[in-house]
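Chemist: could you look at this predicted model? Sequence included:
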Amino acid sequence: MTVSAIQVREEAALFHLFVGQFTNFLVGKGFIHTDLFGPNAMSVGYVLINVEPGAEYDVFNAASELPFVVDANLLFGDHDLIVKIEAENMGVIARLVVDNIRSIDGVLNTKTLACAEL
């Protein structure tokens, strides 16, 4: 049996349509999630913070109280503190860092690390 290129293309298009519809069905039923972090996926960023000597605990406490900070830790080494931030997108994270974290008394500088969104 000989199959033409047109027939193969038509069969492939039908298969593609079926797979798309079936995938949408599975997503709708909750069997497949379309994001990595569940239905309320958030962008994640880590902020490395350098503080004035002696201000580590004050900055840590102030940063920990911010509603968008989900974790904070004091560090040894080149940076004094790291905080994990979750927000709707990286633009919001950047604005939160500039408007809130950098304005904490004792913060000298920050470096924001954006997590990859695959």
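Modeler: Sure thing, it's come through. Numbers count the residues shown, from 1 in each chain.

Chemist: switch to C-alpha atoms for all contacts and neighbour counts from now on
Modeler: OK.

Chemist: where along this structure do the helices fall?
Modeler: With DSSP state H, the ranges of helices along the chain come out as 5-28, 56-64, 90-96.

Chemist: per-residue pLDDT, T23?
Modeler: For T23, the pLDDT comes out at 67.

Chemist: report the central residue of this structure.
Modeler: Centroid-nearest residue in the chain: S43, 2.3 Å away (criterion: CA atoms, centre = their mean).

Chemist: quick one: residues contacting the closest residue in space to I104 that isn't next to it in sequence.
Modeler: Spatially, and ignoring its direct neighbours in sequence, I104 is nearest to V59 (6.6 Å; CA to CA, 6 or more residues apart in numbering). By CA atoms under 8 Å, 6 or more residues apart in numbering, the residues touching V59 are V51, I104, D105, G106, V107.

Chemist: can you give me the domain assignment for the chain?
Modeler: 1-32, 43-114 (automatic domain parsing).

Chemist: so which of those is the most surrounded?
Modeler: Mean neighbour count (mean count of other CA atoms under 10 Å) peaks for domain 43-114 among these, with a mean of 16.

Chemist: flag the shaky bits of the protein, pLDDT-wise.
Modeler: Across the chain, the ranges flagged by pLDDT under 70 are 1, 8, 12-20, 22-24, 26-27, 30-41, 117-118.
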